[in-house]
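Chemist: Sequence and predicted structure, then a few things I'm wondering about:
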Amino acid sequence: MIPTLRITLSLCSFLLLLISSSTAKTSSFRPKAIVLPVTKDISTSTPQYVTQIKQRTPLVTVNLTVDLGGGYVWVNCEHGYVSSTSKAVACGSAQCKLFGSSSCSSDKVCGGFPSNTVTGVSTSGDVRSDVVSVQSTNGNYSGRAVTVPKFLFICGSDVVQKGLPKGVSGIAGFGRTKVSLPFQFSSAFHFTRKFAICLSSGTIDSRGVIIIGDAPYNFGYLNSDLSKALNFTPLIKNPVSTAPISSLGEPSFEYFIGVKSINISDKEVPLNKTLLSINKNNGVGGTKISTVNPYGILETSIYKALSKAFVSAVGVQTISPVSPFGTCFASHDIGFTPMGPGVPDIKLVLENGAVWDIIGANSMVSLNNSDVLCLGFVDGGSNPKTSQVGFYHKTGNQPTTSITIGALQLENNLIQVDLKTSRLGFRSIFLDHSNCANFNFTSSV
């Protein structure tokens, strides 16, 4: 039973207390942070980044595609979901209202709209709670398992699961909501609303890492806290949803930053800079960060300007492009360095003057047994727009965002999302002669 609150308590505080009280860990141990592994899966047409949790009673390992901007966790409940602790969330309850675009079934169960942000398919499903178990960490290695007894999620189906890798049964959203994966863990264990993600470029045994909470970030032999070496830029809120389906007036769950210009070889790329800002009326424009888009996506005029400047700076002939890329080179014309292909850095000049250097390893894609190297950005189309249908807001066929920093650009970069200070931290750990696979997942207990 939730105790009576004074009227002066804000709704936001009430909801935070509600999640905390309903998901609090049963033992006295309070972790400093939790850690999740992330593996790159290349079995589908485009790479996906997959994490693991344990869920249900008895516990079962559940693989989920990581969506940095997703609003919630959904899991396919259509086949084989068996748990003695799974409970439906009542329609109209405070937990149900946390999901925003919710509905009620005939038996008064709260309904949500699980979306596959890889394929763009959305459907409907019940909102439920169940046990979730993950590993704690001190930032150096993983520790004992900790449990959230009433973790909220939406039940998906075979239809919405289609397009995910084999063995992956849902999507873990890390976005700006009170039911995203990091927010629920932060509420349950009273963490600062902060998490870090480090995607490995390798597959199978080359695991990246996600750390939720305020722990140091140590990678392998460095044995130093890389949180102290991050560059920072403000996070920007987009007031209009960029999700496949949402309520009208609902803001975006995704993480945006302010790109002011792009430089290559100390020369500014000529751009229509109005595209770099977010239109507050329709949410079009700006720059977001995505883990479900494997490569960068640029509005057509930005893509053409960047491609032209990049080819000029590389100084070698292009070859016939390989879909979905539009700018490709013969590998033998490009040298290689410890930082990847020997091409000029692409420098994103950010709102507060910080510079995000996209080195060769994060700007180029190797194809056809390394015979071809392509610029790892694709043309996303021109005239981004949105459409509104009835009560819901749906994105049209064209992208709403001018620049998407994709997963390729994030690999072996330590990215920290700090919602308490509303800023994004970033650093290429290649610069520290390390990579995201160097986190020590060996348990200390």
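Modeler: Yes, it's here.
Chemist: rest of the way, CA atoms for contacts and neighbours
Modeler: OK.
Chemist: Quick one: residues in contact with the longest helix belonging to the chain.
Modeler: Secondary structure assigned by DSSP state H gives helix 300-314 as the longest helix of the chain. Outside helix 300-314, the residues that touch it by C-alpha atoms under 8 Å, 6 or more residues apart in numbering are 264-265, 269-272, 317-318, 327, 343-344, 377-382, 402.
Chemist: How about stretch 30-45?
Modeler: In this structure, residues lying in contact with stretch 30-45 by C-alpha under 8 Å, 6+ apart are 47-53, 134-139, 142, 146, 163-166, 189, 191, 199-215.
Chemist: Just the buried ones from these?
Modeler: Neighbour-count burial (16 or more other C-alpha atoms under 10 Å) applied to those gives 47-53, 134-139, 142, 146, 163-165, 189, 191, 199-203, 206-215.
Chemist: returning to that earlier point: average pLDDT across the longest helix of the chain?
Modeler: Mean per-residue pLDDT for helix 300-314: 98.
Chemist: Least confident secondary structure element in this protein?
Modeler: Between all helices and strands in the chain, the lowest mean by mean pLDDT, DSSP states H and E belongs to strand 386-389, at a mean of 34.
Chemist: quick one: low-confidence parts of the stretch 251-400 of the chain?
Modeler: Residue ranges of the stretch 251-400 of the chain with pLDDT under 70: 383-399.
Chemist: all helices of this protein, in order?
Modeler: 11-23, 94-97, 158-161, 181-189, 300-314, 360-363, 407-410.
Chemist: Any idea which of those gets closest to Lys260?
Modeler: With C-alpha to C-alpha, the closest approach to Lys260 among the helices of the chain belongs to helix 300-314: 12.7 Å.
Chemist: Stretch 411-427 - what's its average pLDDT?
Modeler: The average pLDDT for stretch 411-427 rounds to 96.
Chemist: where's that stretch relative to the chain centroid, distance-wise?
Modeler: 11 Å (C-alpha atoms, centre = their mean, to the nearest Å).
Chemist: what about the longest strand in this protein?
Modeler: Identified as the longest strand of the chain according to DSSP state E is strand 142-156.
Chemist: check contacts around the spatially closest residue to Lys194 that is not a sequence neighbour.
Modeler: Nearest non-adjacent residue to Lys194, counting by C-alpha to C-alpha, 6 or more residues apart in numbering: Asp418, 4.4 Å away. Counting by C-alpha under 8 Å, 6+ apart, Asp418 touches 193-195, 424-425.
Chemist: Likewise for Gly315?
Modeler: Contacts for Gly315 (C-alpha under 8 Å, 6+ apart) come out as none.
Chemist: Number the chain from 13, please
Modeler: Let's use 13 as the start, then, which means that last one is Gly327.
Chemist: Dihedrals phi and psi, it?
Modeler: Per-residue torsions, Gly327: phi 80, psi 20 (degrees, to the nearest 10).
Chemist: how much space between it and Ser302?
Modeler: Distance of Gly327 to Ser302, computed by C-alpha to C-alpha, to the nearest Å: 30 Å.
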